[in-house]
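Participant: Sequence plus predicted model, see below.
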Amino acid sequence: SPCDSLAETMIQNLEDIVRRLCAYGLEFKDCDGFTNSWCTLLPELELAYKTSVNASTNQTPAILEKGLNPK
């Protein structure tokens, strides 16, 4: 179904982003100097993905899924 296809595409894209982050190490330091693991980034990565304009549709995934961008 179209919804399954959208979900699978999002999962593949997020997986690619996480794989690239892990290539640089499984931990990172935030602006306060605290060490965090990559999994703490998942909510921010999802938001960034859903609000990024897709080159082929010229829309964000959030607009295509729900008709509005999250804030």
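Facilitator: Now that the structure is in, tell me what you want to look at. Residues are numbered from 1 along each chain as shown.
Participant: So which residues of this protein form helices?
Facilitator: Here the chain has its helices, by DSSP state H, at 2-23, 42-50, 61-66.
Participant: what's the model's confidence in the first one, averaged?
Facilitator: Averaged over helix 2-23, pLDDT sits at 79.
Participant: Would you mark the buried spots in it?
Facilitator: By neighbour count with 16 or more other CB atoms under 10 Å, helix 2-23 contains the buried residues 13-14, 17. (C-beta placed from N, C-alpha, C; glycine too.)
Participant: Format those as a markdown table; extra columns: distance to Leu47.
Facilitator: Below are these laid out as a markdown table (distance: CB to CB, whole Å):
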| residue | distance to Leu47 |
| --- | --- |
| Asn13 | 13 |
| Leu14 | 11 |
| Ile17 | 12 |
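Participant: still on that earlier bit, what's the closest of the helices of the chain to Asp32?
Facilitator: Asp32 sits nearest to helix 42-50 of all these, at 15.6 Å, using CB to CB.
Participant: who's in contact with that closest one?
Facilitator: For helix 42-50, contacts defined as CB atoms under 8 Å, 6 or more residues apart in numbering pick out 10, 13-14, 17-18, 60-62, 65, 69-70.
Participant: Widest-spaced pair of these?
Facilitator: Farthest pair in those, by CB to CB: Val18 and Asn69, 22.5 Å.
Participant: Tell me, how many residues neighbour Pro61?
Facilitator: 20 (other CB atoms under 10 Å).
Participant: Retrieve the pLDDT associated with the nearest residue to it once chain neighbours are set aside.
Facilitator: Once flanking residues are discounted, Pro61 sits nearest to Lys50: 4.9 Å by CB to CB, 6 or more residues apart in numbering. pLDDT, Lys50: 85.
Participant: got the contact list for the residue nearest to Lys29 when sequence neighbours are not counted?
Facilitator: Leaving aside its sequence neighbours, Lys29 sits nearest to Thr35 (CB to CB, 6+ apart; 5.6 Å). Contact analysis of Thr35 by CB under 8 Å, 6+ apart lists 27-29.
Participant: And these, which of them are buried?
Facilitator: The neighbour-count criterion (16+ other CB under 10 Å) marks none of the contacts of Thr35 as buried.
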